[in-house]
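Asker: generate coordinates for the sequence data below:
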Amino acid sequence: MIEFEQQGNTCLVKGRLTQDEVIELWPNRHQLFTESTQVVDLSALTYVDSAGVAMLLALKGLNISETNTASTQYSRTLIHPASQLQKMIELYDLDTFFAENSR
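Answerer: Numbering: from 1, shown residues only. Now for the predicted structure:
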C-alpha cells in the first residue's frame, strides 16, 4: 500500500510502489500532490519496482496546474530515496533525476 502525506510544500511518500499500485494510481496521478508540492520525500518507501520508478519520474514532471493554460512545465525535486530505491537509481543510472545533495 502506498500513502502520500502532504507536509507544507513537501509530500512524504510511504509504503510500497509496485506495478499494481501504479495501475491503480495512474488515472488520478494529477491529484496525488497539491499545487504547492515542490519536494517529494522518498525516504519512507519500503519497496519500489521498475513501474514505480517510472511513475516517480512521471510525477516529477507533471504540470503545476491543470487549469494553467500556459504550457509551463513544473519539476518537483525527488529527495531522500530509500536504500532499495537508491540501488535501482544506480542500476538504471538515474542520478540526474534526484536532488544532488539528497542522496
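Asker: list the buried ones in stretch 85-96?
Answerer: 85-86, 88-89, 94 (16 or more other CB atoms under 10 Å). In this view, the C-beta of every residue, glycine as well, is placed from N, C-alpha and C.
Asker: among these, which are in helices?
Answerer: Assignment to helices by DSSP state H places the following of those there: 85-86, 88-89.
Asker: between the residues you listed, which is nearest Gly61?
Answerer: Checking those against Gly61 with CB to CB, the nearest one is Ile89 at 16.5 Å.
Asker: model confidence at the closest one, what's the number?
Answerer: With respect to pLDDT, Ile89 scores 93.
Asker: got the contact list for it?
Answerer: 53, 81, 95, 97-98, 103 (CB atoms under 8 Å, 6 or more residues apart in numbering).
Asker: mind doing that once more with 6 Å?
Answerer: Ile89 makes contacts with Pro81, as judged by CB atoms under 6 Å, 6 or more residues apart in numbering.
Asker: excluding chain neighbours, what is closest to the spatially most central residue of the chain?
Answerer: Centroid check for the chain by CA atoms, centre = their mean gives Leu56 as the closest residue, at 3.6 Å. Leaving aside its sequence neighbours, Leu56 sits nearest to Leu78 (CB to CB, 6 or more residues apart in numbering; 6.4 Å).
Asker: quick one: that neighbour is in a strand?
Answerer: Yes. Residue state for Leu78 (DSSP: H, G, I helix; E, B strand; the rest coil) corresponds to a strand.
Asker: could you report the neighbour count for it?
Answerer: When neighbours are defined as other CB atoms under 10 Å, Leu78 has 23 of them.
Asker: looking at it now. What's its pLDDT?
Answerer: 95.
Asker: from what I can see it touches Val40, true?
Answerer: Yes. At 5.1 Å, Leu78 and Val40 qualify as touching, with contact defined as CB atoms under 6 Å.
Asker: thanks a lot, see you next time.
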